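Enquirer: the following comprises the amino acid sequence and a computationally predicted model.
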Amino acid sequence: MVYKSRAFSRFPSRLLLNELVLLASIFALPLVQCITDFYDVQALQVMYTSLNSPSQLTNWKSIGGDPCGESWKGVTCQGLAVVSIDLSGLGLTGDHGVLPLRSCVIRNT
């Protein structure tokens, strides 16, 4: 004897649709991430390692990461571009390295 659930037999297309929507949302998540200009990311990573990777710079990474998508401390973005860096008041010491940022204006205050 084969038993069929009435709920499943009535709504097989609805279950399939729900599963497809769930799978589509799971696979779409990585596509939503922001991708900051590659050269800006590299410049910020050089600066971070030149400062000896200070803990005050939350979310910063020496390898990988995305300053605009991950809200790196002191970094302001417009869209995918880094537009300013403000690290004042963090007690950082050391050399900031070379910052060849394409879209960022750095002002010394």
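Expert: Happy to help now that I have it.
Enquirer: so where's this protein shaky on pLDDT?
Expert: 1-34, 95-109 (pLDDT under 70).
Enquirer: just the helices in it please.
Expert: 6-10, 12-28, 38-50 (DSSP state H).
Enquirer: return the residues in contact with residue 73.
Expert: 56, 57, 58, 59, 60, 87, 90 (C-beta atoms under 8 Å, 6 or more residues apart in numbering). C-beta here means a position set from N, CA and C on the backbone, and glycine is covered the same way.
Enquirer: okay, now the second one: neighbour count?
Expert: This points to residue 57. By other C-beta atoms under 10 Å, 19 other residues sit near residue 57.
Enquirer: surely it and residue 90 touch.
Expert: Yes: counting by C-beta atoms under 8 Å, residue 57 touches residue 90, with 7.4 Å between them.
Enquirer: what is in contact with the two at once?
Expert: Common neighbours of residue 57 and residue 90 (C-beta under 8 Å, 6+ apart) are 73, 74.
Enquirer: which residues does the spatially closest residue to residue 79 that is not a sequence neighbour contact?
Expert: Among residues not flanking residue 79 along the chain, residue 68 sits closest, at 7.6 Å (C-beta to C-beta, 6 or more residues apart in numbering). By C-beta under 8 Å, 6+ apart, the contact set of residue 68 is 34, 36, 75, 77, 79, 80, 81, 82.
Enquirer: run a quick neighbour tally on the second one.
Expert: Translated: residue 36. 22.
Enquirer: need the nearest residue in space to it, chain neighbours excluded.
Expert: Residue 36 sits nearest to residue 68 (C-beta to C-beta, 6+ apart), 4.3 Å away.
Enquirer: now do the same contact list for residue 65.
Expert: Contacts of residue 65 (C-beta under 8 Å, 6+ apart): 41, 45, 59, 72.
Enquirer: the second one and residue 66: what is the separation?
Expert: This points to residue 45. The spacing between residue 45 and residue 66, counted by C-beta to C-beta, to the nearest Å, is 11 Å.
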